[in-house]
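Peer 1: how would this look folded up:
(one chain, ligands or ions: 1)
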Amino acid sequence: MKAAAFVYARATSVGDALALLAEHGDQAKVLSGGQSLMPAMNLRLIAPQVIVDIGGIAELRGITVTGDTLRIGALTRHVDLQRSPVIALYAPLLAEAVAHVAHPAIRNRGTLGGSLAHADPASELAACMLALGATLVVQSRGGERHIAAADFFQGIFQTSLSADELLVAVELAVPRKGSVYFFHEFARRHGDYAIAGLAAQAIVEGSVFSGLRLAFFAVGDRPVLARAANRLLNATVTPALISQASAVLAEELDPQDDQQATSAMRRHLAKVLLGRCVAALLFRPELAGGLA
Ligand SMILES: Cc1cc2nc3c(=O)[nH]c(=O)nc-3n(C[C@H](O)[C@H](O)[C@H](O)COP(=O)(O)OP(=O)(O)OC[C@H]3O[C@@H](n4cnc5c(N)ncnc54)[C@H](O)[C@@H]3O)c2cc1C
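Peer 2: Take a look at the predicted model:
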């Protein structure tokens, strides 16, 4: 199938893109790498009347560190994240996670901004934003908004972006001393969408967590920043404590059945991920099997 007819507009600057979005409202769709938008249009799942191509806007690209803030432009491609020495140094979780996003051909065109705006609940990068406590920088002609990642994702393919807004960048705090990370996903094949996954960032002091952010993905209608992590803070972690955290996790996840896995299987995998994550972050392999 081919996309329904649409008007194509190539924006030459952020101001130009915002003017086009203000003019066309929810009749328009932003085009970044096109790796999710074009298949959806070709399958006629959506039929926007106007496409606003932002792909040539240089000011939306790039990775910079200013003081304690790492800023990544929305048009930064998956492959740029994978290859960047700055990301490897300041956000290694992202570098590891992005290798699991699709395949090279898609990573060569797909962008961070497109992935976040698309808001697939199985998105690795969306979960990383929660784990890293990212702020999403959004612009419209009315000005700029800074949205915490935890408030940005609203449901399956739903975000808090308005039709006249453009995601322009994400900002992350550079990691503190003692920062460690974990990433793992279960997928049928490398590059497939995950059946269940976990992106985590922690601060380990001595042998306890003084900070822990667990972002599960593909186990609900959006990435989940698990409250279960609170059970594991500032305490010696034991199998019994992991069991308590798992019980909290079970209450906060709402996985769906689909052709890849049942809800029960996803719940089980999330618990397995929790145990493996804690064991890896604390260098205590005996906790991986986890539950008392
Ligand atoms: C076969 C296949 C496998 C895939 N596997 C995975 C996977 O395992 N994990 C994963 O996370 N993704 C996967 N993807 C999706 C891929 O990562 C896309 O690249 C990504 O979701 C969208 O990025 P894009 O730049 O191509 O965005 P586009 O397709 O251009 O846009 C996606 C959506 O975001 C909107 N948008 C784009 N940029 C902005 C912006 N700056 N501001 C506001 N709105 C914007 C668009 O209007 C559209 O609604 C897969 C895709 C394919 C085709």
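
Peer 1: which parts of the chain sit against the ligand?
Peer 2: Selection of the chain residues close to the ligand by Cβ under 6 Å from any ligand atom yields 29-37, 39, 74, 101-102, 106, 109-111, 113-115, 117-118, 120, 123-125, 161, 166-167, 193. In short, each C-beta sits where N, CA and C put it, glycine included.

Peer 1: neighbours around residue 236, how many?
Peer 2: 9 (other Cβ atoms under 10 Å).

Peer 1: now the buried members of the residues of the chain next to the ligand.
Peer 2: Listed as buried from the residues of the chain next to the ligand are 29-37, 74, 101-102, 106, 109-111, 113-115, 117-118, 120, 123-125, 161, 166-167, 193; burial here means 16 or more other Cβ atoms under 10 Å.

Peer 1: nearest residue to residue 216 in space, please, no chain neighbours.
Peer 2: Once its chain neighbours are removed from consideration, residue 216 has its nearest residue in residue 224; the separation is 4.7 Å (Cβ to Cβ, 6 or more residues apart in numbering).

Peer 1: need the pLDDT of that neighbour.
Peer 2: Taken from the predicted model, the pLDDT recorded for residue 224 is 97.

Peer 1: number the chain from 406, please
Peer 2: In the new count, where the first residue is 406, that last one comes out as residue 629.

Peer 1: was I right to think it contacts residue 620?
Peer 2: Yes - judged on Cβ atoms under 8 Å, residue 629 makes contact with residue 620 at a distance of 6.9 Å.

Peer 1: between those two, what contacts are shared?
Peer 2: Overlap between the neighbourhoods of residue 629 and residue 620 consists of residue 535, taking contacts as Cβ atoms under 8 Å, 6 or more residues apart in numbering.

Peer 1: picking up where we left off before, looking at the residues of the chain next to the ligand, which are in strands?
Peer 2: Secondary structure defined by DSSP state E assigns 434-436, 571-572 of the residues of the chain next to the ligand to strands.

Peer 1: domains of this protein?
Peer 2: Here the domain assignment for the chain is 412-458, 463-578, 584-693, based on automatic domain parsing.

Peer 1: all the helices of the stretch 406-555 of the chain, in order from the start?
Peer 2: Assigned helices in the stretch 406-555 of the chain, in chain order: 419-429, 442-447, 483-488, 490-495, 497-503, 509-512, 517-523, 529-536, 554-557 (criterion: DSSP state H, counting those that start in this stretch).

Peer 1: among the ones you listed, which comes closest to residue 688?
Peer 2: Distance to residue 688, taken as Cβ to Cβ, is lowest for helix 497-503 among the helices of the stretch 406-555 of the chain, at 16.7 Å.

Peer 1: how close does residue 662 get to residue 413?
Peer 2: Taking Cβ to Cβ, to the nearest Å as the measure, residue 662 falls 39 Å from residue 413.

Peer 1: residue 541: which of the ones in strands among the residues of the chain next to the ligand is nearest?
Peer 2: Top of the list for closeness to residue 541, among these and by Cβ to Cβ, is residue 572 at 6.1 Å.

Peer 1: residue contacts, that closest one?
Peer 2: The neighbours of residue 572, taking Cβ under 8 Å, 6+ apart as the test, are 479, 518, 521-522, 541-543, 566.

Peer 1: same list, these, but as a markdown table with distance to residue 555 please.
Peer 2: Conversion of these to a markdown table gives the following (distance: Cβ to Cβ, whole Å):
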| residue | distance to residue 555 |
| --- | --- |
| 479 | 19 |
| 518 | 18 |
| 521 | 13 |
| 522 | 16 |
| 541 | 10 |
| 542 | 15 |
| 543 | 15 |
| 566 | 15 |
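
Peer 1: residue 668: which of those is nearest?
Peer 2: Proximity to residue 668 was ranked across those by Cβ to Cβ; first place goes to residue 521, at 25.5 Å.

Peer 1: my guess is the closest one contacts residue 557. True?
Peer 2: Yes - if you go by Cβ under 8 Å, residue 521 and residue 557 touch, sitting 7.2 Å apart.
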